[in-house]
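K.L.:
using only what follows, build the 3D model:
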Amino acid sequence: MTHVGLEHYLIVSALLFALGLLGVITRRNLLVMYMSLELMLNSANLALVSFSRFNDNLNGQVMVFFIITVAAAEVAVGLALIVALYRKRQSAHVEDLTSMKY
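P.N.:
Numbers count the residues shown, from 1 in each chain. So this is what the prediction gives:
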């Protein structure tokens with residue numbers, strides 16, 4: 001039986017972050033970009049929790065709890081903005097953001 005160490009968690013976290021970064025860079029749909037940003041945030045949370053677990057310190061886990069709480073509010077505001085953009089332009093592409101001037 002193999003032991004799952006800190007490096008395994010950090011590798012998974014780095015892969016998730018890279019996948020999220022790839023999604024932000026290559027996609028032009030705001031919703032997909034937003035999901036990719038959330039994936040990057042969750043990969044950072046995974047790294048914080050794994051460091052906290054392997055150092056026998058709860059500070060990282062408490063910080064992740066607050067990060068998830070703030071991220072929930074961020075999701076509500078971000079999705080509201082994306083829905084407002086979609087209702088105004090009938091599209092959720094990045095190019096439509098540059099044309100929104102008042």
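
K.L.:
mean confidence (pLDDT) on the strand or helix carrying I25, please.
P.N.:
Using DSSP states H and E, I25 maps to helix 6-26. Across helix 6-26, the average pLDDT comes to 94.

K.L.:
next, the buried residues of it.
P.N.:
The neighbour-count check on helix 6-26 (16 or more other C-beta atoms under 10 Å) flags Y9, L10, S13, L16, F17, G20, G23 as buried. Bear in mind the C-beta positions are built from the backbone N, C-alpha and C, glycine included.

K.L.:
give me the next element, helix or strand, following it.
P.N.:
With elements assigned by DSSP H and E, the helix or strand that comes after helix 6-26 is helix 30-54.

K.L.:
now for that following helix, which elements pack on it?
P.N.:
Under the contact criterion of 3 or more C-beta pairs under 8 Å, 6 or more residues apart in numbering; DSSP states H and E, helix 30-54 touches helix 6-26, helix 59-89.

K.L.:
and the closest residue to G5 other than its chain neighbours, what pLDDT?
P.N.:
In this structure, G5 finds its nearest non-sequential neighbour in F54, 7.8 Å apart by C-beta to C-beta, 6 or more residues apart in numbering. pLDDT for F54: 90.

K.L.:
pretty sure F54 contacts L6?
P.N.:
Yes. Counting by C-beta atoms under 8 Å, L6 is a contact partner of F54 at 4.5 Å.

K.L.:
quick one on the thing from earlier: as a markdown table, the helices and strands packed on helix 30-54 with distance to M35 would be great.
P.N.:
Converted to a markdown table, those look like this (distance: least, C-beta to C-beta, whole Å):
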| stretch | distance to M35 |
| --- | --- |
| helix 6-26 | 7 |
| helix 59-89 | 10 |
